[in-house]
Structure formats: structure tokens, C-alpha cells
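Novice: generate coordinates for the sequence data below:
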Amino acid sequence: MRQLAKVSVLALWLLPTASEARDEGHWQRQYCAGMEIEHHLSSGGYVDCLNGRYAIEVDWSSKWAESVGQALYYASATDRTPGIVLLCESSEESAEGSCLSDVYRLEYALKSVSTHVQVWTCAIDEDQTLNDCFQPELQRTVGGRG
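Specialist: Prediction:
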């Protein structure tokens, strides 16, 4: 009986959190509903979400730097506007959260890019769509566009 209790506690400890239980692909499908998912490029690679206007990279906010390069490449390869969906843990949405810090660093990096980049920050929330996501002010000032 004691052994069973130890195994049960270990199993509970190893269970993923609610956000970890869903991988990036889950959130990609949710936030890019109605778009083409995993569009294959002839040069290799896959655009996470593609529609008539955007080539979108979906990634965790901590991978903001990777998302910039991928979004710019995908947009160039598909003749679309680059888009980035940053996935934010609900606890990271406060002013002190790392998600906000990641958005600031993304904004700083995009100031040197001459093309418009659309950014959405999306909470890990089953009830949200891309339209519910926050669009930081940075997309209005990047590359001198307004």
C-alpha cells in the first residue's frame, strides 16, 4: 500500500500543467482557425499559419527571437506580411511577467526592421480566438509605418 501511495504521488508530480498539456500545435490550430495550417514551402520548412494577408509564426513568448527570423522568412517566401503570435502563460500577462518582457525585447528588435510585422500576444485560454489576442502598439510604429 505504501508503494502504491509513493507511485501515485510521483505520478501526480509528473503530470503536466494545464498549458504544458497542450503543445504549441494545439494553440496554433486554435489561434489560426480558418487559415491554412503548416503550409509547406518548396524551399523546405512550414509556415505555421497562412492566409491571404499574413504568414504567421506561432511560438512561446520566450522564443520571440526565433519567431522574428521565421516570420520574416515565411513572409518573403509567400509574398505576405509577416505575423507573429506569441503564446503567453496566463500568469505571465502581468506587468512583471516574462511575457511582457519578451514583447518589449521583440519591439526593440523590430525597430531595425524596415517591413511591417503584425504581432499578437495570446493567452493560453481555450475560449479565445486570434481576434481576442492583444496587439501591442509596436506594429503601428515598426519601420516607420503608422
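Novice: so who does Glu36 touch?
Specialist: 47, 49-51 (CB atoms under 8 Å, 6 or more residues apart in numbering). C-beta: built from backbone N, CA, C; applies to glycine.
Novice: do you know how far it is from Ala55?
Specialist: The gap separating Glu36 from Ala55 is 10 Å, by CB to CB, to the nearest Å.
Novice: shared neighbours of those two, anything?
Specialist: Joint contacts of Glu36 and Ala55 (CB under 8 Å, 6+ apart) are 47, 49.
Novice: what sits up against stretch 68-75?
Specialist: By CB under 8 Å, 6+ apart, stretch 68-75 touches 41, 45, 47-48, 50, 54-57, 59, 80-84, 106, 109-110, 113, 115, 117.
Novice: now do stretch 33-53: distance to the chain's middle.
Specialist: 14 Å (CA atoms, centre = their mean, to the nearest Å).
Novice: do you know how far the residue nearest the centre of the chain is from Tyr74?
Specialist: Centroid-nearest residue in the chain: Leu86, 2.8 Å away (criterion: CA atoms, centre = their mean). Per CB to CB, Leu86 is found 16 Å from Tyr74.
Novice: next: Ile56.
Specialist: For Ile56, the distance to Tyr74 - CB to CB - is 8 Å.
Novice: tell me, how many residues neighbour Ala71?
Specialist: If you count neighbours by other CB atoms under 10 Å, Ala71 ends up with 30.
Novice: let's verify it: helix, strand, or coil?
Specialist: Following DSSP: H, G, I helix; E, B strand; the rest coil, we place Ala71 in the helix state.
Novice: from here on, count from 11
Specialist: Right, with 11 as the first residue, what we last looked at is Ala81.
Novice: which residue lies closest in space to it, excluding its sequence neighbours?
Specialist: Pro92 (3.9 Å; CB to CB, 6 or more residues apart in numbering).
Novice: element containing that neighbour?
Specialist: strand 91-98 (DSSP states H and E).
Novice: past that strand, which element shows up next along the chain?
Specialist: helix 108-120.
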